[in-house]
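Peer 1: below is the sequence, then the predicted model.
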Amino acid sequence: PAGKGGAAFGFTPIAPVPYTVDAFTVPEGFRWDPIIRWGDPIFDAADAFDPMQQTAEKQARQFGYNCDYLDIIAHPNGKRAVLVANNEYTNAPIMFPPAATEEERLEQLRVTMAAHGMSIVELERKHKGSTWRYVVGAPRNRRITASTPFAVDGPAAGSDLLKTQDDPAGTTILGTFGNCAGGTTPWGTVLSGEENFNGYFRAENTGDSLTARGRRRYGLTPNASSYGWEAVDARFDARQPGYENEPHRHGWIIEVDPENPDEPPVKHTAMGRMKHEGANVTISASGHAVAYMGDDERFDYLYKFVSRDTFRPGKSAKARAHNKTLLSNGSLYVARFSGDSPASEITGTGALPADGQFDGTGEWVPLVVDNESVVPGVTTDEVLVFTRLAADAVGATKMDRCEDVQPSPRSGRVYVACTNNTARGTGTNEGATEVNPRNVNRDGHVIEITEAGEDAAATTFGWSILILAGDPSVNALTYFAGFPADQVSPISCPDNLAFDSAGNLWISTDGQPGTIGYNDGLFRVPLEGAERGNVQQFLAVPRDAETCGPVIHDTDQSVFVAVQHPGEEGSWEAQNSYFPDYVPAGALEGGKWGGPRPSVVQVTRA
Ligand code: FEO
Ligand code: CA
Ligand code: CA
Ligand code: CA
């Protein structure tokens with residue numbers, strides 16, 4: 001029953017796994033199997049993986065690197081599904097041997113461009129409850145890379161701020177990269193957040209022009225880019241005449257329809273431009289599509305988009321086509337939080353104030369209403385392209401890195417994973433507030449929001465902190481919704497969120513090795529009843545990896561995760577991880593390689 005913490009999906013929590021262990025760990029009675037790995041061929045078995053013979057052409061036909069967002073959208077018959085994953089970034093030093101020639105170096109850069117973006121593959125299985133396999137060459141299989149053409153829609157489509165010499169209309173953008181989390185919409189498309197796009201560009205950032213201020217605010221610099229793509233594609237050097245606006249064409253929410261592999265994906269300008277972690281959509285009581293979105297940077301903001309038009313239920317092609325326009329027009333809000341305890345009781349340590357809760361109220365401050373800017377002196381195009389500057393102007397609340405923001409399909413309450421912010425309260429930075437109550441916030445926290453009148457389109461809300469993360473065995477100032485801290489699994493750096501069918505929240509982490517000394521993992525936490533706050537660890541990912549995805553098909557006794565950047569701290573000569581196949585170092589045996597490969601994993605009953 002609801003509130004009992006998923007009695008139907010029982011497991012004995014695993015012990016935390018020390019960060020040097022290169023193993024994927026599941027509870028007793030479960031097994032794990034990779035479904036698809038970096039480099040697995042998607043369209044034709046002839047593109048089989050071989051890291052010594054990798055080419056950009058082959059990579060564009062293989063599963064991409066560093067899978068982050070994941071969904072497994074199953075057909076009602078339970079035997080077919082489509083897997084959609086983001087491929088956020090690449091770790092070149094562990095992907096290839098060092099380039100021997102300049103020509104090889106440039107080809108490796110092109111490979112990394114082709115390893116970014118998204119991967120879509122069909123799955124099949126013999127019967128409900130058996131394990132999934134991906135199908136090479138299935139009709140919906142698709143790769144989207146750093147070079148794939150995107151349509152642009154919403155109020156800023158065609159804006160002068162989006163025009164380049166290659167796209168004088170400002171309506172067709174090549175590529176997506178830095179894609180972090182995402183969400184599957186109620187109409188069956190997938191959203192993905194373009195996050196750390198700034199690291200892919202070189203751009204002058206001095207002066208007082210709006211563009212220059214915007215560049216500084218989004219972290220663009222004239223330095224060589226982190227990925228070096230300007231050596232193979234001039235548009236990544238925004239210092240070049242004709243490409244000044246190229247960085248403005250990234251940092252959006254994109255929408256992909258897995259049912260239409262030939263349809264260009266879309267960048268939605270109505271949802272604003274930031275370091276988008278992701279977007280998760282719910283339908284309000286009034287029928288509007290409401291998307292919750294985090295900007296993952298220290299001291300950046302939490303946003304909400306409300307569609308102008310309303311959702312049409314039903315599976316007809318007409319309803320679906322209409323619903324695919326919902327994110328193109330609407331209103332954009334940023335969150336302002338107020339605490340209800342006196343500032344003197346917010347000590348910055350995480351110690352609870354006298355009323356026993358970090359809690360209060362908040363408002364969604366409008367930036368754009370029905371496609372029109374409401375920020376004085378700022379045009380709609382400017383608000384949407386430089387959303388951070390507009391949010392600064394209205395006094396939004398500076399947050400501790402909002403990652404996934406997920407509304408519960410059961411209760412409608414909204415959960416915000418604030419992963420960490422070790423800069424809070426240091427130097428001239430803002431100190432602790434009731435909603436971000438720890439200075440030097442190393443372990444992060446999770447906020448629970450209740451919209452006014454339980455209406456997702458409301459402009460005010462109540463909030464409280466659900467979890468102040470950490471390892472209670474060494475840190476007395478953790479908080480688990482009042483549940484006894486000595487009974488929970490240690491947890492740090494919450495990142496991705498998901499729900500099971502019983503309404504429990506699942507939290508995956510990114511950063512535990514550097515904070516509490518354990519491999520990252522996946523945790524379940526009931527939200528109702530006596531077990532509310534009882535965090536229990538379900539799995540741990542291997543060395544240096546981050547746990548992404550997660551997808552919980554508890555009624556099917558299955559859990560899926562994307563294992564991102566295993567062995568990231570190693571090198572080509574001395575790899576840190578042999579996940580997922582654990583064949584001898586450097587070996588290539590029947591498509592299995594003795595080196596780390598980011599992969600999608602399914603966990604099922606043994
Ligand atoms: Fe890519 Fe915000 O984590
Ligand atoms: Ca309070
Ligand atoms: Ca993330
Ligand atoms: Ca992350």
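Peer 2: Cool, the structure landed. Numbers count the residues shown, from 1 in each chain. Ligands and ions are numbered 1, 2, ... in the order given.
Peer 1: and the residue positioned nearest the centre of the chain, what helix or strand is that in?
Peer 2: Geometric centre of the chain, nearest residue: Ala181, 1.6 Å, by Cα atoms, centre = their mean. Using DSSP states H and E, Ala181 sits in strand 179-184.
Peer 1: give the pairing partners of that strand; include direction for each.
Peer 2: strand 190-194 (antiparallel) (DSSP bridges).
Peer 1: using PDB, write down the CA coordinates of the helix or strand just after the strand it pairs with.
Peer 2: The C-terminal neighbour of strand 190-194 among helices and strands, as given by DSSP H and E, is helix 210-217. Written as PDB, here are the backbone C-alpha positions of helix 210-217 (Å, rounded to 0.1, in the frame of the first residue of the first chain):
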ATOM      1  CA  LEU A 210      24.500  42.400 -23.400                       C
ATOM      2  CA  THR A 211      26.300  39.600 -25.300                       C
ATOM      3  CA  ALA A 212      29.500  40.100 -23.300                       C
ATOM      4  CA  ARG A 213      27.700  40.300 -20.000                       C
ATOM      5  CA  GLY A 214      25.800  37.200 -21.000                       C
ATOM      6  CA  ARG A 215      29.000  35.400 -21.800                       C
ATOM      7  CA  ARG A 216      30.500  36.100 -18.400                       C
ATOM      8  CA  ARG A 217      27.300  35.100 -16.700                       C
END
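Peer 1: does anything pack onto helix 210-217? Which helices or strands?
Peer 2: helix 387-393 (3 or more Cβ pairs under 8 Å, 6 or more residues apart in numbering; DSSP states H and E). Every C-beta, even on glycine, is put in place using the N, C-alpha and C of the backbone.
Peer 1: got a list of what Gly431 touches?
Peer 2: 348, 424-425, 439 (Cβ atoms under 8 Å, 6 or more residues apart in numbering).
Peer 1: and ligand 1, is the strand holding Ala181 touching that?
Peer 2: Yes. For strand 179-184 and ligand 1, the contact criterion (Cβ under 6 Å from any ligand atom) is met by Cys180.
Peer 1: on that earlier part again, now, which of the contacts of Gly431 lie close to ligand 4?
Peer 2: Among the contacts of Gly431, not one lies near ligand 4 by Cβ under 5 Å from the ion.
Peer 1: what about the strand holding Ala181, average pLDDT?
Peer 2: Averaging pLDDT along strand 179-184 gives 98.
Peer 1: related to what we said a few turns ago, out of the contacts of Gly431, who's the most crowded?
Peer 2: Arg424 (25 neighbours; other Cβ atoms under 10 Å).
Peer 1: before we move on, back to that, check the offset of the strand holding Ala181 from the chain's centre.
Peer 2: 5 Å (Cα atoms, centre = their mean, to the nearest Å).
Peer 1: near ligand 3 at all, that strand?
Peer 2: Yes. Using Cβ under 5 Å from the ion, strand 179-184 reaches ligand 3 at Cys180.
Peer 1: following the longest helix along the chain, which helix or strand shows up next?
Peer 2: Taking DSSP state H as the criterion, the chain has its longest helix at helix 102-115. The helix or strand immediately downstream of helix 102-115 is strand 117-124, counting by DSSP H and E.
Peer 1: hang on, the earlier thing: in what helix or strand does the closest residue to the residue nearest to the centre of the chain other than its chain neighbours lie?
Peer 2: Nearest non-adjacent residue to Ala181, counting by Cβ to Cβ, 6 or more residues apart in numbering: Gly278, 3.1 Å away. Under the criterion DSSP H and E, no helix or strand holds Gly278.
Peer 1: distance check, Gly278 against Glu88.
Peer 2: 11 Å (Cβ to Cβ, to the nearest Å).
Peer 1: mutual contacts of those two, please.
Peer 2: Cys180.
Peer 1: still on that earlier bit, my guess is the residue nearest to Ala181 meets Ser192, correct?
Peer 2: Yes. When contacts are counted by Cβ atoms under 8 Å, Gly278 is listed as touching Ser192 (7.0 Å).
Peer 1: which residues in the protein form helices?
Peer 2: Going by DSSP H, the chain shows helices at 56-59, 92-95, 102-115, 210-217, 317-323, 380-385, 387-393, 512-515.
Peer 1: just the CA trace of the first one, in CSV.
Peer 2: What that stands for is helix 56-59. Extracted as CSV, the C-alpha positions of helix 56-59 are listed here (Å, rounded to 0.1, in the frame of the first residue of the first chain):
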residue,chain,number,x,y,z
ALA,A,56,33.8,9.3,-36.3
GLU,A,57,31.7,7.6,-38.9
LYS,A,58,31.5,4.4,-36.9
GLN,A,59,30.9,6.3,-33.6
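Peer 1: looking at the helices of the chain, which is closest to ligand 4?
Peer 2: Taking Cβ to the ion, helix 512-515 is the member of the helices of the chain nearest to ligand 4, at 11.6 Å.
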